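Could you look at this predicted model? Sequence included:
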Amino acid sequence: MTEHITADAAARRRYDVVIVGAGWAGSALAQRLGDKGWQVLVLEAGNGDTDTWPGFLDTLSTFRSAVAKVPNSAYRPNAAAPSPNVLDLAPVRNPRPGEPEFTAGGYFAQNGPLPYGTDYLRALGGTAMHWLGAVPRMCDEDFETRTRYGYGRDWPISAAELQPWYAEAERLLGVAGNGQEQHNLGVVHDSRYEYPMQEIPHSYIDRYCKEAVEGEFITDPVAERDYKLTLYGLPQARNSTPNPRYRPDAAFRVQGAVGLPNFGERCVGNASCVPICPVQAKSLPLRIQAAFPRSVTVANRCVVTRVRTSGERSVSGVEYRTYTDPASPVSRPYVVEADVVVLAAHAIENARLLLFSGLANGSDQVGRNLMDHPTVLSWALGAEGKGPVGPFRGPGHTSGWEVFRFGEGRRRRAPFRIEIGNWGWGWATGAPMSNVATALGIGGDEQGEVRPDGVFGPELRRLLGSTVGRQLQLQLAVEQSADPGNRVTLDSRHRDAMGNPRPVITYDLNEHVRDGALAARAVAGEIFHRMGAYDFTDHAPRDGVPPLGHFVHKGADLAYSGAGHGAGTHIMGSDPATSVVDADQKTHEFDNLYAVGCGSMASVGTSNPTITMMALALRSAERIHDSLATARRPVEIRTPETTEATA
Amino acid sequence: MITATELHEKGFHVPRDLGELRTFLQAAMEVEHLTIPVYMTGMYTIRPGTNRTAYFAIRSVLMEEMLHMTLAANLLNAVGGSPRVGRAEFVGKYPAKLPFSSDDLPPVPLRHFSPDALETFLRIEQPRSMTPPLQEGSGWTSIGQFYDALWQGLLQIVDREGEHAVFPPGREHLQVGPDDFYNSGGEVFAVHDTESARLALRVISEQGEGVSDTIWDSNDLIFKEERTLAHYFRFNEIRTGRSYGPHDRPKDPPSGPLIDVSWEDTHRIRGDSKVAYYKRFAATSDVYAQAVEFNSRYAAMLTCLDRAFNGKPRVMALAVPIMLELRDRAEQLHHNPHPDPALAADGIFASPTFELGRPQFDAAWQAVDADIALAGFASGEPVDLSALTPATGETFA
């Protein structure tokens, strides 16, 4: 188990490195730098205890008793270090033209015009506590969309430079995947690459979809091109069978549970990866933390409020506040000093810290370029004659159609990745609970009376078996490119219980992204049609109530959901005038201040960003180590005068 | 339990030749398996959501017994034997006489989670250091001594006949490795020489009894995992309602913080319930049919293991889903009142009987081989069970 110290103890000494945030990136950096012998302090704003067995069981039962199984439903609310929640948004009935179609409560203040429907988690382990575990690499062209396709921003580093770091991250996370297939797809350069564990088996739905439409050509009406459907498996960070062909020199050891050493299983398809895997087959940062070297110290409940400067180009440490009762507004301030400060607190939190500290913003890009993967959900029922499709089994998705991520079509519209959902209409409609409610007649009629058409007993079972069992859902994750207008700002009127400024979000989808969403919706409809499935997708307002994320584009009603992939807020680039951090994730303006995580990404492509973020974090750990080692080398090393005599 | 019982009756002795060594190893598998229905009953009778510490402690031991059984199978294969698991003779009848232990011990019954059940568990796992030493020719006193004798015999035979004769080549494909078995308390590995055999026996004895007169197992030393309590001491924590402190010694009672154990949160059962008795109430209760089905699925699970230990390690992937199914079936039975109204009125619940005879296994072999033929078990590829049909006619709608 990781050893934790109090906020008070943490402030009693100096460190080589202080890291803000104990999620994936912070944990990986702490482990790497600790292994090199540097004294590292990790400050986590949220509560700990998720790394203990009672803590894990508590999250499990919190999830099980939650009415809405949203990503944060397994984790207890914390007013001292609040997290955004997808339930914070509500639609507005009969919205006035030009006005936002939603209202936002909770942690974010939202300016619109569109809702930023994405959450994260402030707790030990970070948002990775509820992540899905999908780890597809970005493709080569994602790193240079401006040069190749004339939109978005280019990265200062190439996909080729990141390849070894991707491989390193895949070992650290424990990824199950098909190396050959990912090479054929073009995202893995090494033709003999093997993942540490064998691919997670494809779901029955994958097979159903493959049999129905593999090899078919689908016309994208926006790009005005035909795309051939080829199904690819998804690399996933969850335990499967160790791959005997993976690095014979350094075999991979499957890691079990944190908190109870002899627990933890391979993925057995519990189908609740988000928000929690009940057998801890899903990889978590807590695993890295459990193996922290002695030189790494973690302090929970330490909310960092400001980065402190000590000169023109250097920072000296951070200020943080600690709380005992999360419900009370009382907190105590501390200062801790370190040679290097690393912000690894999530894209939006990193931006919030930099803005509140008034640092590293000569480019005026801090907080700007906020990105996500606006996800267009499409849902249908499989043809009755073809029988059930077997939803709600296995991880969230195990395969997808990748072809719309690539090529010249990106000039005309944003690219998108099609995930074949394994969890029925869960994301789109709240199935299967919503199906039960509908079948029972819950909700009543317009007068509020009990509806007469509710069913029960054998008829209820038959109805549910027939409707739930054929649910197909496609999740089309559209790339959102960097757009300086999408931004996080601070406003002293909006504060959390501790008095810290809350993020104020201004968010929209530009024409290119909207075109991508339009194409995605059309493609999904065509795929359903070819499968003989009955398309139930409906993004139009119903009874005057628009769905969340609703917009009208070129005459079509569309809607998107947030994917939880916040990025871009301290964007990476080689020019200090237009970017916040360099390729090493070091801020341009300070020699010892780093901002790591998805906030550094210049573009997010169509891949779930964690694996790219981790590759970047491992690369940065190496650079931070170099800078610390360089700073400590004596200026001149004198050769002993007696060398020759004694030799 | 044929092999173990026969060996037990011959009294304490060290195996003298390869044939006897193989007999000992077959007996070892039987003994490891004997504990599984006992621990399963103790664990699954706990009311869901209560006694969580106890539940996960029993579960961890149960999983490690499966590891021990698999390591014994690997060792038996390595020395030229063939594990026999899918047959009625492999399974004990409960209450079962515990082989290689004192004849004064009462037979081991199936018991719901209770102080009595924990006493039984403790007796099964009792370390050698807590039992008196013994002479060749006298009776056995502990399972630890049995494994000691096994190791002594193996060493002597290797000395006499040479390592190559004891571990013949060409048997690597019979080994179950980490590709096919995973339980995270320790790790399964291939056995192919004296050194790996020593390690296998060490894992078995140290997870059960602890390392050289401590309360700790050797998962940290052997597998670089976190150190945990040996089985006896994990059970003793539950029995006493108190956890061990870091400096407690084997003979000390635990001195650490209290553990929340609520003995009343259990589904009380009659461990001697038999299918034949349930049948009398078949007209009023489905427990009979469910108990019959449980036994046949249990036989199927053992049959899968037999195939896995005899040249098809990948069939382990077929056994694991049946284990999960058995968990659900056991819990369903425990949630139902005993079919005998008199017992039900007493607050007694139904329970699996673990009665496995020829008919169950005959049927299991057919079903399992049919499933193996359907499943995708290509070596080096992900296991694919999707071609399998559901084992029962029960459908969702």
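Done, it's in. Residues are numbered from 1 along each chain as shown, chains lettered A, B, ... in the order given.

Chain neighbours aside, what residue packs nearest to residue A:173?
residue A:237 (4.2 Å; CB to CB, 6 or more residues apart in numbering or on different chains). Backbone N, C-alpha and C define where each C-beta goes, glycine included.

With residue A:79 instead?
Per CB to CB, 6+ apart, closest to residue A:79 is residue A:497, 4.2 Å.

Confirm that the one you found sits in a strand.
No: using DSSP: H, G, I helix; E, B strand; the rest coil, the assignment for residue A:497 is coil, not a strand.

Do stretch B:164-172 and chain A come into contact?
No: counting by CB under 8 Å from any CB of the partner chain, chain A has no neighbours in stretch B:164-172; the shortest distance is 12.7 Å.

OK, contacts around the residue nearest to residue A:79?
Shown in contact with residue A:497 (CB atoms under 8 Å, 6 or more residues apart in numbering or on different chains): A:79, A:80, A:82, A:327, A:329.

Identify the farthest-apart pair in these.
Pairwise distances across those (CB to CB) peak at 12.4 Å, for the pair A:82 and A:329.

Which of these two has more residues huddled nearby?
residue A:82 (20 against 12; other CB atoms under 10 Å in any protein chain shown).

what's the spacing between residue A:287 and residue A:170?
With the distance defined as CB to CB, to the nearest Å, residue A:287 ends up 14 Å from residue A:170.

what about those two, which has more around it?
Under the neighbour definition other CB under 10 Å, residue A:287 and residue A:170 were set side by side, and residue A:170 has more, 28 against 20.

and that one, what helix or strand is that in?
Using DSSP states H and E, residue A:170 sits in helix A:159-173.

counting contacts, what elements does that helix pack onto?
helix A:24-35, helix A:610-632 (3 or more CB pairs under 8 Å, 6 or more residues apart in numbering or on different chains; DSSP states H and E).

Determine the set of other helices and strands touching the shortest one.
Looking back up the chat, that one is helix A:24-35. strand A:15-20, strand A:40-43, helix A:159-173, helix A:285-290, strand A:296-299, helix A:610-632.

Let's see that with 7 Å instead.
strand A:15-20, strand A:40-43, helix A:285-290, strand A:296-299, helix A:610-632 (3 or more CB pairs under 7 Å, 6 or more residues apart in numbering or on different chains; DSSP states H and E).

right, and those - which one's nearest chain B?
Closest approach to chain B among those (CB to the nearest CB): helix A:285-290, 7.9 Å.

ok, that closest one near chain B or not?
No: figure legend: helix A:285-290 not in contact with chain B (CB under 7 Å from any CB of the partner chain); closest approach 7.9 Å.

what about the one residue sitting closest to the centre of chain A, distance to chain B?
Nearest to the mean C-alpha position of chain A, by CA atoms, centre = their mean, lies residue A:565 at 4.1 Å. The spacing between residue A:565 and chain B, counted by CB to the nearest CB, to the nearest Å, is 28 Å.

Is that residue located within a strand, as I assumed?
No: according to three-state DSSP, residue A:565 belongs to no strand; its state is coil.

if I look at residue B:371, how far off is chain A?
Note on residue B:371: its distance to chain A, by CB to the nearest CB, is 16 Å.

Fine by me, thanks again.
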